[in-house]
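Participant: Okay, here's the prediction I keep looking at, along with the sequence it came from:
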Amino acid sequence: MFEVDFHILNQKATPAIYADTLANIPAAGFAGRLFVNTASPYGVYRDTGSAWVQIASNGGGGGGSTGVNGLNGTTNIGLGGTLANNTLITGANFNLQFFGMLNFQSQSKNFTFRADSAINGISYISGGNDLLYLQQINNNTGVNSNLYFTSNTIKTIFTGANYGLNLDDTTGKFVLGDYDNDRKYNSIVVNDDTSEIYFTTSFNQSNTAQDLLYAYNTSAGSRGIKLGDFNFYAHGTCFIIDDANESIQSASQGSNKGISLDFAIEFYTLGDNNALIECDNINQFIELTANNIILNNTPQINNATLTNTATPTIPSNYLSIQINGNNYKILLLNP
């Protein structure tokens, strides 16, 4: 008859072996003793005399693990060294959090955050050489959004189209909107290298032509603000403040009209050629150019002419005017 001998031959530092589930592991204190976990995730542990240390596992692990050496989510684990093999951390709706971390580094060219691919899409952090970009893809709609970083530029791309934000330090040009003419050409441009700020619109079909608003300070002789259709894409109605030349102008239909204020020579005009008021502060005169003067919808003075009716003894002039439909003459004497 055969008999099983349960005695252990202690050849060196293993005086006993204890087998049970991990929940029933005995207290440490028997130096050299081994403990075999008989339930998933299985494993072999050694009693150092003061603690249990896992020295072997089944490799794959399994669900429902309480952790190494009976550790669980409330126990701190100090890790060190290098993970030389593929490592998978799985869990249902669990959080992986890092606190007080000095650096988080990855030498991989692709770092992926994957949510429910049918609903929330997939997000990537990808890089290589001088490029790093963030990408989000919604597999439900095919829409994707990208944020690109290089050593000198930051820009956004939506579904392959270049619009949103483009910050380019190589040119000193920073754009918000359709920066590459991919949709409707509308953008706000700050060109730090040329000291310009301006809008672009679909009227000019270019992202280099200023439109509607243009502020410039390119030199001491070129400094001011233009507001309106100053490039005459439609009606040419605009307002121009020329700080370099100390003037303010309004224009329409391609010509200056309306208001002209020249502070350098103190000459100010209001109106157009057929009806114009001119104020010359230096020479101290006000000139009115018009055929009629109307007050309260009633003509007061119109068609005024100067008539010479001098006599041999009393040289004189008459100012002929029409007031309320009646003709009058005002005698002008030369003192």
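Facilitator: Perfect, I can see it now.

Participant: Outline the domain layout of this protein.
Facilitator: Following automatic domain parsing, the chain resolves into domains at 1-71, 292-335.

Participant: Any idea how far the longest one is from the middle of the chain?
Facilitator: Same thing as domain 1-71. Here domain 1-71 is found 59 Å from its chain centre; the criterion is Cα atoms, centre = their mean, to the nearest Å.

Participant: rewinding a little: which of the domains of the chain has the lowest average pLDDT?
Facilitator: For these, mean pLDDT drops lowest on domain 292-335, to a mean of 64.

Participant: give me the beta-bridge partners of the residue lying closest to Cys238 once chain neighbours are set aside?
Facilitator: In this structure, Cys238 finds its nearest non-sequential neighbour in Gly228, 3.2 Å apart by Cβ to Cβ, 6 or more residues apart in numbering. Placement of C-beta: from N, CA and C, glycine included. Residues in a beta bridge with Gly228, per DSSP bridges, are Leu212, Cys238.

Participant: Isn't Gly228 up against Phe239?
Facilitator: Yes: at 5.6 Å, Gly228 counts as touching Phe239 under the criterion of Cβ atoms under 8 Å.

Participant: Sketch out the strands for the stretch 201-335 of the chain, chain order is fine.
Facilitator: 211-219, 222-228, 238-242, 247-252, 255-262, 267-272, 275-280, 285-289, 292-295, 298-308, 316-323, 326-333 (DSSP state E, counting those that start in this stretch).

Participant: Please render those strands as TSV that adds mean neighbour count and distance to Tyr133 to the earlier fields.
Facilitator: Below are the strands of the stretch 201-335 of the chain laid out as TSV (neighbours: other Cβ atoms under 10 Å; distance: least, Cβ to Cβ, whole Å):
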stretch	mean neighbour count	distance to Tyr133
strand 211-219	17	31
strand 222-228	17	37
strand 238-242	16	41
strand 247-252	18	46
strand 255-262	15	49
strand 267-272	16	56
strand 275-280	14	61
strand 285-289	11	65
strand 292-295	11	68
strand 298-308	12	73
strand 316-323	15	79
strand 326-333	10	83
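
Participant: Now render these as JSON lines, adding distance to Asn144.
Facilitator: As requested, the strands of the stretch 201-335 of the chain are exported to JSON lines (distance: least, Cβ to Cβ, whole Å):
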{"stretch": "strand 211-219", "distance to Asn144": "31"}
{"stretch": "strand 222-228", "distance to Asn144": "38"}
{"stretch": "strand 238-242", "distance to Asn144": "41"}
{"stretch": "strand 247-252", "distance to Asn144": "46"}
{"stretch": "strand 255-262", "distance to Asn144": "50"}
{"stretch": "strand 267-272", "distance to Asn144": "56"}
{"stretch": "strand 275-280", "distance to Asn144": "60"}
{"stretch": "strand 285-289", "distance to Asn144": "64"}
{"stretch": "strand 292-295", "distance to Asn144": "66"}
{"stretch": "strand 298-308", "distance to Asn144": "71"}
{"stretch": "strand 316-323", "distance to Asn144": "77"}
{"stretch": "strand 326-333", "distance to Asn144": "82"}
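
Participant: Go ahead and confirm Arg46 touches Val36.
Facilitator: No: judged on Cβ under 8 Å, Arg46 makes no contact with Val36 at a distance of 10.8 Å.

Participant: which stretches of the stretch 51-200 of the chain aren't confidently modelled?
Facilitator: Residue ranges of the stretch 51-200 of the chain with pLDDT under 70: 59-81, 83, 90-93, 106-131, 137-142.

Participant: tell me the helices in it, going along the chain?
Facilitator: Counting by DSSP state H, counting those that start in this stretch, one finds no helices in the stretch 51-200 of the chain.

Participant: Show residues contacting stretch 215-231.
Facilitator: Residues from elsewhere that reach stretch 215-231 (Cβ atoms under 8 Å, 6 or more residues apart in numbering): 194-198, 204, 209-214, 235-244, 251.

Participant: let's go with 10 Å and repeat that
Facilitator: 190-191, 194-198, 201, 203-204, 209-214, 234-245, 247-252 (Cβ atoms under 10 Å, 6 or more residues apart in numbering).

Participant: Quick one: mean pLDDT for it?
Facilitator: 90.

Participant: How far off centre is it?
Facilitator: Worked out by Cα atoms, centre = their mean, stretch 215-231 lies 24 Å from the chain centre.

Participant: State the distance spanning the first to the last residue of it.
Facilitator: Taking Cα to Cα, to the nearest Å, stretch 215-231 runs 14 Å from one end to the other.

Participant: Check stretch 217-231 too.
Facilitator: With Cα to Cα, one end of stretch 217-231 sits 18 Å from the other.

Participant: Thought Ile8 was touching Asp16, still the case?
Facilitator: For residue 16 the amino acid is Ala, not Asp. Yes: Ala16 is in contact with Ile8 according to Cβ atoms under 10 Å; the separation is 6.4 Å.

Participant: okay, and the common contacts of those two?
Facilitator: Shared contacts of Ala16 and Ile8, counting by Cβ under 10 Å, 6+ apart, come down to Leu34.

Participant: Next, work out how far apart the closest residue in space to Gly258 that isn't next to it in sequence and Thr237 are.
Facilitator: Leaving aside its sequence neighbours, Gly258 sits nearest to Ser250 (Cβ to Cβ, 6+ apart; 3.7 Å). Relative to Thr237, Ser250 is positioned 8 Å away (Cβ to Cβ, to the nearest Å).
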